[in-house]
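Asks: give me the fold of what follows.
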Amino acid sequence: MSSSKRLFLLNPSWHHYVALTAGALAILSGVLNYIIFDRADPLHCDSLLTRGTWLDDNHRNWQPEGCMLHVYQSKDTTACLASRRVVFVGDSVARKLYFQFIHTVDSKLPSAPPDDNHKHSDHSFTSGSGTTLDFSWDPYLNTSSTLSLIHGHIPSPDIHDRLAMLVLGSGLWYLRYADTTGGLPAWEANMERLLESISAAPIKVADEVVFLPVEDIVPSKLSLLRAETMRSSDVDAMNSDLYHRINPPSHDLYSIFSSSSPALPVSLPLVFNKMLDDDSTEDGLHFSDDITKAQANILLNLRCNNLWPKTPPFDKTCCRAYPSPSFLQLAILTVVVAYGPIMWYLAYARSPTKGLSVADEYRPAVIFGLAIGTMFIADRTGFWLKEQKQFSSTTFGFLLLCSLVFGLSTLKRVDKDMGFLNREQTDEWKGWMQVAILVYHYTGASKISGIYNPIRVLVATYLFLTGYGHTTYYIKKADFGFLRVAQVMVRLNLLTLVLVYTMDVSYLSYYFSPLVSMWYLIVYATLAIGSQYNDSIVFLLSKILISMGALTWFMTETWMLEAFFVFLEQIFSIRWSAREWSFRVTLDLWIVYFGMLLAIAVTRIQAHRLTDHHLWPMAVKVAACASALIMLWFFAFELTQESKFTYNAWHPYISFLPIAAFVILRNASSSLRSCSSRAFAFIGRCSLETFLIQFHLWLAGDTKGILLLLPGTSWRPINFVISTIVFIYISDHVSRATGELTTWICGGKETLLPTSTHRHVGSAPLTTDVYMSKDGERLPVEPDTPIRPTRRWVDRLAEGASQQRSPGYKVWYGGESGWKPGVKMRLAVWMGMMWLANSLWTDSS
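Replies: A predicted model of the protein is given here:
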């Protein structure tokens, strides 16, 4: 090979270097952000009040720099404002903000003054939760009632007698009527007196005192009379003066690294002027309701966020502290994170001359623990910033297009027909579906019905593959032993259960793992009962129909599910929502059974060699044409639905149609069956991990926002690249580690599973997977199950040789000759530990 070609050869470990570099950059960025910014503003209150940008053009989604804003509704304000009093004092700008504020607190209250005759009047309303909401017209902030509020003349220091919030706004009237008021000097003198009174008040004036900045004006839209005395330069000078009075400069050289509070207990939302848009005002003074509503929402975030219960999802990170983990949660987290590194170090310390590889058996535990620790830091601390999502059709389409191009660029083709729904094909299928779901989550596309509906079909497809894969396995292998069940259930739930305890969330919040686990047990029970008669197609179909009917009846009678969940709570301290689970299950109530029926049909077609029939090619062509029409019909149907809720009513009955159509089209020829995308197959092999890990690393706030490994809203595109590299790298390694840990937990012994030989038909779409043994014989391979690392523990199980227990874990088994607990005993111990943890768990709310 020439030297010029060698220059372009990539190091085989290039992906490790890229991912580790991205991770190091993310850690360095987090450390620097904490030192420079977060120490002085740990709760991001200053960011909420001073920095931000609009994420959309309609002024509906304001993004404070580095934190997630909550959009308050009436029901959300009860905890912090119920039976309390909120007072606004000021001019017409403060009045407009007041009416948007009270309308947010109670949607039944007006969003504007009743008529023009009451514009310069006081107003008072009471919300449904008992909050008293007052407005005092005082554009100069000098009336006796205003001075009484500011001097703290209230009956007692009791918190219920104190104002929940006092909002003061003034300035423009001093400019408008400068001849009679004294103008800018008079305003400055009044602000000085008011701020000194607030600072010197013996009793705190209010839980939150807010001075509104003097609102920026649009000179070109002012009336002639206003334009004569109101100037933008004066407004800027007034805001600068107000800022420096509330935040006097510090003479300490290191003040930017301190977390000291401002000198005055007053908030100044200078960001209000950054939210203004010249096109959103008609008179140059008063801006649109959308902007004013967003400003009112910032006030509610400032006042209420830190009073919310400290429970997931943590999607309100502006002006809100993360809760400290409970002792039990911290203990579990410590054990999970520290066990692997400690055991690895002890193994190395015993034999240091053998090098680091002596402790490789602990590598899965190390990887798993470090990944859990990283997710905790990312989503349960403020080390990295979080921001809101914003749907953009351009961004959504661009990301999908890039993914498609990358997937197609890694297509590979083999010289033989790989068979119907072969492993590489189903891995690819899971991969591109997972990519679509990830982009859907990242861009916040759930509110777009035309996107939500196809994504629902993709979720149904995963469940379809569960029914198809496991049914094919049990029909061909006839292995209904407990070891197989244990391995599948542990593999599906190990990461999920660890996240439940370390992140303090409900098991059902990771809905996919519970769904797939439940459906696997249903498939297993359906096929295991009377398994000796599974060769009878009538008996097999009867069992499936009975199972389908029983489950439908159970889910229809909601009281049965609710009673079962009550039982779980009383006996096992498991608190699940029956309503949420019923929604998840009934939405795809029959698609798994469709997968089971297709698996039976495929095995029967193969057994009777129907693909050899002379009419088979014609049947394939007819099916392909019909499938294409079905796909066109489905997209036309789902796009014309009024909303995603309307589509959900149809989904259980029609989701099998696009799935079946895709299966037929994807397997319509040997050329299609013999090629697959390596990139999509790679994602498909760790699809379970990408689904789970996205909750806390890549996304944030339990998927409600996005994680910023690099701080700064303007850096979002670069952050997307960096966070995606880290996310995929960790997901792949956790997938491998989870497979190895599953083998360790479940153990197992060498065993040969029942197999059968099928003739390989290269020209037909329905063939069994075939691979070559070392002796050149064609051997069948277990059909793909929905979620599996490629050729790891399940593949070894299917091939008959389960991995031997790692010698590094002998301490758990009493050495080579000691008593070795069986898989049932080990799982019973683990379940007992979970029951104990549930019983001792403290509700963080």
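
Asks: can you list the weak-confidence ranges in this protein?
Replies: Applying pLDDT under 70 to the chain picks out residues 1-10, 152-160, 250-263, 353-359, 748-819, 843-845.

Asks: which helix is the longest one in it?
Replies: helix 716-746 (DSSP state H).

Asks: if you count neighbours, what's buried in that one?
Replies: Of all the residues in helix 716-746, those buried under the rule 16 or more other C-beta atoms under 10 Å are 716, 719-720, 722-746. Placement of C-beta: from N, CA and C, glycine included.

Asks: run through the neighbouring helices and strands of that helix.
Replies: Contacts defined by 3 or more C-beta pairs under 8 Å, 6 or more residues apart in numbering; DSSP states H and E place helix 716-746 against helix 14-33, helix 363-380, helix 482-503, helix 678-685, helix 687-693, strand 705-708, helix 793-798, helix 823-840.

Asks: could you dump those into JSON lines with distance to residue 346 added?
Replies: Output for those, formatted as JSON lines (distance: least, C-beta to C-beta, whole Å):
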{"stretch": "helix 14-33", "distance to residue 346": "25"}
{"stretch": "helix 363-380", "distance to residue 346": "12"}
{"stretch": "helix 482-503", "distance to residue 346": "22"}
{"stretch": "helix 678-685", "distance to residue 346": "32"}
{"stretch": "helix 687-693", "distance to residue 346": "28"}
{"stretch": "strand 705-708", "distance to residue 346": "34"}
{"stretch": "helix 793-798", "distance to residue 346": "25"}
{"stretch": "helix 823-840", "distance to residue 346": "22"}
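
Asks: beta-bridge partners for residue 123, please?
Replies: Beta bridges link residue 123 to residue 135, judged by DSSP bridges.

Asks: quick one, what contacts it?
Replies: Contact analysis of residue 123 by C-beta atoms under 8 Å, 6 or more residues apart in numbering lists 95, 98, 113, 134, 135.

Asks: now residue 324: how far from residue 742?
Replies: Going from residue 324 to residue 742 by C-beta to C-beta, to the nearest Å gives 32 Å.

Asks: and of the contacts of residue 123, the nearest to residue 667?
Replies: The nearest member of the contacts of residue 123 to residue 667, counting by C-beta to C-beta, is residue 98 at 64.4 Å.

Asks: quick one: the strands in the stretch 251-400 of the chain, in order.
Replies: 385-388 (DSSP state E, counting those that start in this stretch).

Asks: what's the closest of the contacts of residue 123 to residue 386?
Replies: Using C-beta to C-beta, residue 98 is the member of these that lies nearest residue 386, at 30.5 Å.

Asks: excluding its own residues, what touches the helix or strand containing the closest one? List them.
Replies: Using DSSP states H and E, the element containing residue 98 is helix 92-105. By C-beta under 8 Å, 6+ apart, the surrounding residues in contact with helix 92-105 are 72-74, 77, 81, 86, 88, 109-113, 119, 123, 125, 127, 129, 131, 133, 135, 137, 139, 167-170, 172, 212, 215, 285-286, 289, 292-293, 295-297, 299-300.

Asks: let me see the contact set for residue 151.
Replies: By C-beta under 8 Å, 6+ apart, the contact set of residue 151 is 197, 201.

Asks: give me the number of residues near residue 270?
Replies: Per other C-beta atoms under 10 Å, the neighbour tally for residue 270 reads 16.

Asks: hmm, it is touching residue 213, no?
Replies: Yes. With contact defined as C-beta atoms under 8 Å, residue 270 and residue 213 form a contacting pair (5.2 Å).

Asks: tell me, what's touching the two both at once?
Replies: What both residue 270 and residue 213 touch, as defined by C-beta under 8 Å, 6+ apart, is the set residue 239.

Asks: need the contact list for residue 637.
Replies: So residue 637 contacts 650, 654 (C-beta under 8 Å, 6+ apart).

Asks: kindly recompute the last result at 10 Å.
Replies: Remark: with contacts taken as C-beta atoms under 10 Å, 6 or more residues apart in numbering, residue 637 is in contact with 453, 647, 650, 654, 657, 658.

Asks: returning to that earlier point: so which of the helices and strands packed on helix 716-746 gets nearest residue 223?
Replies: Smallest distance to residue 223 across the helices and strands packed on helix 716-746 (C-beta to C-beta): 42.8 Å, for strand 705-708.

Asks: what lines up beside the closest one in the sheet?
Replies: strand 385-388 (antiparallel), strand 699-700 (antiparallel).

Asks: if you drop the residues flanking it in sequence, what lies closest to residue 672?
Replies: residue 666 (6.1 Å; C-beta to C-beta, 6 or more residues apart in numbering).
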